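Student: coords below, sequence missing:
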């Protein structure tokens, strides 16, 4: 039996755990578990399974997060496939299958980067055993999903009804229904052979492409052309393939569940007796972090009095609640969410409303990560904006200029090297410099400790797209 190749899907719009997650900082990169991100845990999981090689499919906006996580994990045998636009899991899986077929790799273990998987106390089968069974079935041409025994009627998951046994621990799928209504979900849960679809799949690249050719030929054609016209790159020494924008954009926006698994006659399910959560809503959050004696799931600094069955997340300030039950309360630096816990799946619709109103809080957190460090908005008003910038040791920003704003930098910690056209300055704490409109400039940290500075922007337009890059160490010339 050949060793499977891990395919980690790292998409997501950051809506269901808003305001903690955002479009440009989705949940898989947030250090939720023991100071580690869900993405890092996924890498560790597949390493424990013996998957030495891997592919990550991610959005253009998240490429530096992915590269940084791979570098930190020492995942040298991984490569990254970049989607120019979001098109759901079927096109992402198709790209991975095309890449693996071309390189001669066979079986692919497809799993999301934002799920939480752990061994169940007293469980009869571990995840590694399930993967071994699924791998053998995949080599026989089956498309295998991993099933989780449901604990309640959840309308946000897919449901699988297992049929006859095909092998030890492998069953034919007699029904596959993605996200049914409440009444149908309640009926499914009552059946002993019913499982949640975990969103984790195993099949060969050849079988995947064959099924897509049968059920979604337009999708496969678009992805094949996008892959054929790809461009190779490297980000933080990680191999990257950028698929063609126009070709990939022609692909339908559809999940692998709807595109293939609901339609194929070759679907199989391996029941997985594991602790699993997609951390897909604030309601599911409690299942990951546990509850106290009053049913409250609390992360951060919170004091609850006469309150039960709440989910509370405090990112930096004290959250106090009195006489509150069945609620979600989430505090972040720039937004606070209060919701009925039973309606936590509706947060996604709330974020859509914020986007329609052009609220930046829907997409950006106050602290924005960059490959060189981070910046955080401190204050803003008519014609000005104040940011705190942190540049990691040895890193530097692009050589750039602005057409509509000037910038004033004050170093508060560390050492700064500043380029102004043909002049180079070295600044120490309590020293400052002015960057006039139109001047080419660059900020570097030549020291061995993080550089902290305060930036004051002044101008009639302060958007992040007012940047013209001339040189960049991260391949962002002409890109965000």
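Tutor: Perfect, thanks for sending it. Keep in mind that this is a model prediction, so the values were computed, not measured. Numbers count the residues shown, from 1 in each chain.

Student: for this protein, which segments are assigned as helices?
Tutor: 38-48, 63-73, 89-102, 127-139, 182-189, 205-215, 217-228, 245-249, 256, 282-289, 347-356 (DSSP state H).

Student: looking at the chain, which helix or strand does the model trust least?
Tutor: Least confident helix or strand, the chain: strand 116-119 with a mean of 79, by mean pLDDT, DSSP states H and E.

Student: any low-confidence regions in this structure?
Tutor: 1-2, 119-125, 477-480 (pLDDT under 70).

Student: quote the end-to-end distance of stretch 197-215.
Tutor: One end of stretch 197-215 sits 20 Å from the other (Cα to Cα, to the nearest Å).

Student: can you give me how far it is from the chain middle?
Tutor: Computed by Cα atoms, centre = their mean, to the nearest Å, the chain-centroid distance of stretch 197-215 equals 22 Å.

Student: on that earlier part again, which parts of the least confident helix or strand of the chain are buried?
Tutor: The neighbour-count check on strand 116-119 (16 or more other Cβ atoms under 10 Å) flags 116, 117 as buried. Backbone N, C-alpha and C define where each C-beta goes, glycine included.

Student: likewise for stretch 448-455?
Tutor: Buried residues in stretch 448-455 (16+ other Cβ under 10 Å): 451, 452, 453, 455.

Student: who are the packing partners of the least confident helix or strand of the chain?
Tutor: helix 38-48, strand 274-277 (3 or more Cβ pairs under 8 Å, 6 or more residues apart in numbering; DSSP states H and E).

Student: go with 6 Å
Tutor: strand 274-277 (3 or more Cβ pairs under 6 Å, 6 or more residues apart in numbering; DSSP states H and E).

Student: can you list contacts of the strand it packs on?
Tutor: 116, 117, 118, 120, 127, 148, 198, 284, 287, 288 (Cβ atoms under 6 Å, 6 or more residues apart in numbering).

Student: near the last one, how many other residues are there?
Tutor: If I follow you right, that is residue 288. 17 (other Cβ atoms under 10 Å).

Student: try residue 106
Tutor: 19.

Student: surely it meets residue 204?
Tutor: Yes. Taking contacts as Cβ atoms under 6 Å, residue 106 lies within contact range of residue 204: 5.2 Å.

Student: ok, so what distance separates residue 91 from residue 80?
Tutor: Distance, residue 91 to residue 80, by Cβ to Cβ, to the nearest Å: 16 Å.

Student: between the two, who's got more neighbours?
Tutor: A side-by-side neighbour count of residue 91 and residue 80, using other Cβ under 10 Å, places residue 91 first with 32 against 24.

Student: now do the contacts for the more buried one.
Tutor: 223, 251.

Student: oh, and call the first residue 27 from now on, that's how I've got it
Tutor: All right, first residue 27 from here; so that's residue 117.

Student: gap between it and residue 251?
Tutor: For residue 117, the distance to residue 251 - Cβ to Cβ - is 12 Å.

Student: one more: residue 161?
Tutor: 31 Å.

Student: which of the two has more neighbours?
Tutor: residue 161 (22 against 16).

Student: list the beta-bridge partners for residue 84.
Tutor: In this structure, residue 84 bridges to residue 36, residue 108 when assessed by DSSP bridges.

Student: surely it touches residue 36?
Tutor: Yes. Taking contacts as Cβ under 6 Å, residue 84 lies within contact range of residue 36: 4.2 Å.

Student: which neighbours do these two share?
Tutor: With Cβ under 6 Å, 6+ apart, residue 84 and residue 36 have common neighbours residue 92.
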